[in-house]
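K.L.:
Turn this into a structure:
(4 chains)
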2 protein chains.
Amino acid sequence: MDTAAPRRTRIQQEKRELILEAALEVFSTNGFRGSTIDQIAEAAGMSKPNLLYYFRRKEDIHETLMQRLMDTWLAPLRELDDIGDPLTELRSYIRRKLEMARDYPRESRLFANEILQGAPRIMPMLEGELKTLVDEKAAVIKGWMRAGKIAKTDPWHLIFSIWATTQHYADFDVQVRAVLGPNRGGDGRFEDAARFLEQLFIDGLKPKG
Amino acid sequence: MDTAAPRRTRIQQEKRELILEAALEVFSTNGFRGSTIDQIAEAAGMSKPNLLYYFRRKEDIHETLMQRLMDTWLAPLRELDDIGDPLTELRSYIRRKLEMARDYPRESRLFANEILQGAPRIMPMLEGELKTLVDEKAAVIKGWMRAGKIAKTDPWHLIFSIWATTQHYADFDVQVRAVLGPNRGGDGRFEDAARFLEQLFIDGLKPKG
DNA sequence: CAAATTTTTGACCGATTGGACAAACGTTAG
DNA sequence: CTAACGTTTGTCCAATCGGTCAAAAATTTG
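P.N.:
Prediction:
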């Protein structure tokens, strides 16, 4: 494992950040193969050879981006706490995930792009780090179910459905806005989504009577 | 509108189908820009110039594919019937959507790819045909809610969440299988998903007591 | 300051891309 | 059979791609 942190100058740190920010924008909207080094370089305000001075290959940029992504992306699930009240914990998790979809849509799309194409570059992370974390949290949820705190169901698919519904508002944002139209598709759509998801996951759809 | 159906020979019809089938495979796994005409030609078992004899531009193939996709893709929602029992209708809709994710994952990924990249080629369809259909069905669902047949909630976001959760099993299939592992990630995962989604949408997550 | 080092750039390269084209090859109708 | 038409292919092209390289410019170090 190459974990030896190379010492970098001030300029190197700044320029690398600039490039990563630009690459996030470009990769998340065009995918890896659909993006060109020239596009990223222009978005970062530098020439292509200059960019290649900081990242020697296009793949290196993408790899660095994906490594950082996974950490921040899984943070909400890591916070899911065994100790708190189950329904409150789940409600908080859903809210945090939806906030991430709202505040970091590019990260969500970058991730979605990678998975859609078969996750060629992050498969080990999915089978390792991600699976471990999900299994762990699924066990926590299972405990809640055994204790009668929440209805018995499949914890893994519960997590999948939370991922799917929240990330949908980032990945399919264009479609959401198109369907809701100019009135309801404005800034309020995330509040509406939050209300709906809370009801769906916490209260259910059964008639109240 | 160019709706004048060009008369085609038998060979033209067959070869065009062959190309579209091959293009579905290639586009859905590599995206539009990530796919090359050569790849599609090889997958279709013909030379590149020969392919270009049937479709003059790469975009023409993609466009034809997207037009066909939208029809079959929206069919389940079109079937959602005002007359039947609300919960039964919703259950059937969810089941049909999940079956499409299972049986037509390439179509789902092709669509997801297009939306992810901002839907540059199908935006008019989203704002027109799709929005009209969703609005219509949302009105049906709203009627059920007013009649007290199902809990009051936002019909549009309900439809979004059904799309998100079902298509997740096609678009994020790699991740689902990686997390479930070799045991639970096998062929049974769609039955498990079906059971879970039925409980989520129809019964809710509240404790039974 | 001046030397050493880091950063930036223009020019260039081979490979791949989408697509054009004319010639060769098949097929079909009279 | 043969002429007309439909199909297939090899060759070619300009544009774009990821990436190299040496030299110029800027910065840091002593």
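K.L.:
What number of residues are in the vicinity of the residue of chain A found nearest DNA strand C?
P.N.:
Nearest residue of chain A to DNA strand C, counting by C-beta to the nearest atom of the strand: residue A:49, 3.1 Å away. To be clear about C-beta, it is placed using only N, CA and C from the backbone, and glycine gets the same treatment. Neighbour count for residue A:49, taken as other C-beta atoms under 10 Å in any protein chain shown: 9.
K.L.:
And residue A:180, by the same measure?
P.N.:
Using other C-beta under 10 Å, residue A:180 is surrounded by 20 other residues.
K.L.:
repeat for residue A:115
P.N.:
Residue A:115, neighbours per other C-beta under 10 Å, totals 22.
K.L.:
Are the helix or strand harbouring it and DNA strand D in contact anywhere?
P.N.:
Per DSSP states H and E, residue A:115 falls inside helix A:105-116. No: shown here: helix A:105-116 not in contact with DNA strand D (C-beta under 7 Å from any atom of the strand), separated by at least 14.7 Å.
K.L.:
And the contacts of that helix?
P.N.:
A:24-25, A:27-29, A:31-32, A:65-66, A:69, A:72-73, A:100-101, A:120-122, A:167, A:170-171, A:173, B:31, B:109, B:112-113, B:116, B:171-172, B:174-175 (C-beta atoms under 8 Å, 6 or more residues apart in numbering or on different chains).
K.L.:
Now list the buried members of these.
P.N.:
Neighbour-count burial (16 or more other C-beta atoms under 10 Å in any protein chain shown) applied to the contacts of helix A:105-116 gives A:24-25, A:27-29, A:31-32, A:65-66, A:69, A:73, A:100-101, A:122, A:167, A:170-171, A:173, B:31, B:109, B:112-113, B:116, B:171-172, B:174-175.
K.L.:
Now, the residues you listed that are in helices?
P.N.:
Mapping these onto helices (DSSP state H) picks out A:24-25, A:27-29, A:65-66, A:69, A:73, A:100-101, A:167, A:170-171, A:173, B:109, B:112-113, B:116, B:171, B:174-175.
K.L.:
check those residues against DNA strand C, which are close?
P.N.:
Within the set of these, contact with DNA strand C (C-beta under 7 Å from any atom of the strand) is found for no member.
K.L.:
domain assignment for chain A?
P.N.:
A:1-56, A:66-203 (automatic domain parsing).
K.L.:
Give me whichever of those is most buried.
P.N.:
Most buried of the domains of chain A, by mean neighbour count (mean count of other C-beta atoms under 10 Å in any protein chain shown): domain A:66-203, with a mean of 18.
K.L.:
For it, measure first residue to last.
P.N.:
Length of domain A:66-203, first residue to last, C-alpha to C-alpha, to the nearest Å: 35 Å.
K.L.:
Same check on stretch A:41-53?
P.N.:
For stretch A:41-53, the end-to-end distance is 11 Å (C-alpha to C-alpha).
K.L.:
Contacts for it, please.
P.N.:
Residues contacting stretch A:41-53 (C-beta under 8 Å, 6+ apart): A:15, A:18-19, A:21-23, A:25-26, A:37-38, A:40.
K.L.:
Adding pLDDT and secondary structure, write the residues you listed out as CSV.
P.N.:
Listed next are those as CSV, based on pLDDT from 0 to 100; DSSP: H, G, I helix; E, B strand; the rest coil:
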residue, pLDDT, secondary structure
A:15, 96, helix
A:18, 97, helix
A:19, 98, helix
A:21, 98, helix
A:22, 98, helix
A:23, 98, helix
A:25, 97, helix
A:26, 97, helix
A:37, 98, helix
A:38, 97, helix
A:40, 98, helix
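K.L.:
For residue A:202, state which of those is nearest.
P.N.:
The nearest member of these to residue A:202, counting by C-beta to C-beta, is residue A:25 at 35.3 Å.
K.L.:
mind checking pLDDT for the residue lying closest to that closest one once chain neighbours are set aside?
P.N.:
Nearest residue to residue A:25, sequence neighbours excluded (C-beta to C-beta, 6 or more residues apart in numbering or on different chains): residue A:43, at 5.8 Å. The model reports residue A:43 with a pLDDT of 97.
K.L.:
immediately after the helix or strand hosting residue A:43, which helix or strand?
P.N.:
With elements taken from DSSP H and E, the one containing residue A:43 is helix A:37-44. Remark: after helix A:37-44, the chain's next helix or strand is helix A:48-54, criterion DSSP H and E.
K.L.:
gap between that next one and the chain center?
P.N.:
Centroid separation for helix A:48-54 versus its chain: 28 Å, with C-alpha atoms, centre = their mean, to the nearest Å.
K.L.:
All set now, cheers.
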